[in-house]
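**Q** what would the 3D arrangement of this be:
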Amino acid sequence: MPDLTIAGIPGSLRKNAYSRGLLLAAQELAPPGSHVDLVDIRGFPVFNQDEESPLPEPVRRAKELVKRADAVLFSVNEHNYGLSAAEKNAIDWISRPYPDNSWNGKPAGILSASIGQVGGARAQYELRQTMVFLNLFPINRPEVIVSFAADKFDAQGRLTDEKVRSFLANHLVELVRYTRVLTRPA
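**A** Numbering: from 1, shown residues only. As a prediction, this is how the structure comes out:
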């Protein structure tokens, strides 16, 4: 079977954000026959339909990476009970212009981490609602919701908690399995 490419979508622009740390760990833990490529969402302007043609260069590059990927892996930050502005902006840009939704039909995984007890779960639920319109197909389990993240990452943003690393590895195994099922020739 050919290798699967998973496009990792960060939930923050911050260098040592926990969402980025989860994606870096996902790169390390990707099962054999798969790899995770991080999508750079820095440099995206605030979405404005008047600027869709031509697409801003950072957006064009990200859209192409997502379009070529077999699956996507969202790592969300929760801001005020919802998705971060940076991640929602990236989701909107990559879905545009209207007939060119790069998310369309992609299997998806969802990760979150936060300093609080809820671990970003509310932002995950908001993302799931958005996925309906975008025609993304998220896996349901195992969930990766990391609470009290400050205790699970080192100062460089590396995920150090072995239990969370195990959940993340299992999530990736399921995402790869699910992707292979959904993309299997009829």
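**Q** going by C-alpha atoms from here, please, whenever you check contacts or count neighbours.
**A** Noted.
**Q** geometric centre of the protein: which residue is closest?
**A** The centroid of the chain falls nearest to Phe74 when counting by CA atoms, centre = their mean (1.4 Å).
**Q** lowest-pLDDT helix or strand in the protein?
**A** strand 78-79 (a mean of 88; mean pLDDT, DSSP states H and E).
**Q** elements contacting the helix or strand just after it?
**A** Following strand 78-79 in sequence order, the next helix or strand is strand 82-83 (DSSP states H and E). Of the remaining helices and strands, those touching strand 82-83 by 3 or more CA pairs under 8 Å, 6 or more residues apart in numbering; DSSP states H and E are helix 121-134.
**Q** which stretches of this structure form helices?
**A** With DSSP state H, the ranges of helices along the chain come out as 18-29, 57-68, 85-94, 121-134, 162-182.
**Q** among those, which comes closest to Ala155?
**A** helix 18-29 (10.6 Å; CA to CA).
**Q** export the closest one as CSV, just CAs?
**A** Once non-C-alpha atoms are left out, helix 18-29 reads as follows in CSV (Å, rounded to 0.1, in the frame of the first residue of the first chain):
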residue,chain,number,x,y,z
TYR,A,18,0.3,22.8,23.0
SER,A,19,-1.6,22.2,19.7
ARG,A,20,1.7,22.5,17.8
GLY,A,21,3.4,20.1,20.4
LEU,A,22,0.7,17.6,19.7
LEU,A,23,1.3,17.7,16.0
LEU,A,24,5.1,17.4,16.5
ALA,A,25,4.4,14.3,18.6
ALA,A,26,2.1,13.0,15.9
GLN,A,27,5.0,13.3,13.4
GLU,A,28,7.1,11.1,15.7
LEU,A,29,4.3,8.6,16.4
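**Q** can you pull the buried residues of it?
**A** Tyr18, Ser19, Arg20, Gly21, Leu22, Leu23, Leu24, Ala25, Ala26, Gln27, Leu29 (16 or more other CA atoms under 10 Å).
**Q** residues touching the second one, list them.
**A** Residues in contact with Ser19, defined by CA atoms under 8 Å, 6 or more residues apart in numbering, are Pro10, Gly11, Ser12, Ser75, Val76, Asn77, Leu111, Ser112, Ala113.
**Q** give me the number of residues near the residue nearest to it when sequence neighbours are not counted?
**A** In this structure, Ser19 finds its nearest non-sequential neighbour in Ser75, 5.0 Å apart by CA to CA, 6 or more residues apart in numbering. Applying other CA atoms under 10 Å, we find 26 residues neighbouring Ser75.
**Q** do the same with Ile139
**A** 17.
**Q** quick revisit: contacting residues around the least confident helix or strand of the chain?
**A** So strand 78-79 is contacted by Ser84, Ser112, Ser114, Gly120, Ala121, Arg122, Ala123 (CA under 8 Å, 6+ apart).
**Q** which stretches of the chain have low pLDDT?
**A** 1, 186 (pLDDT under 70).
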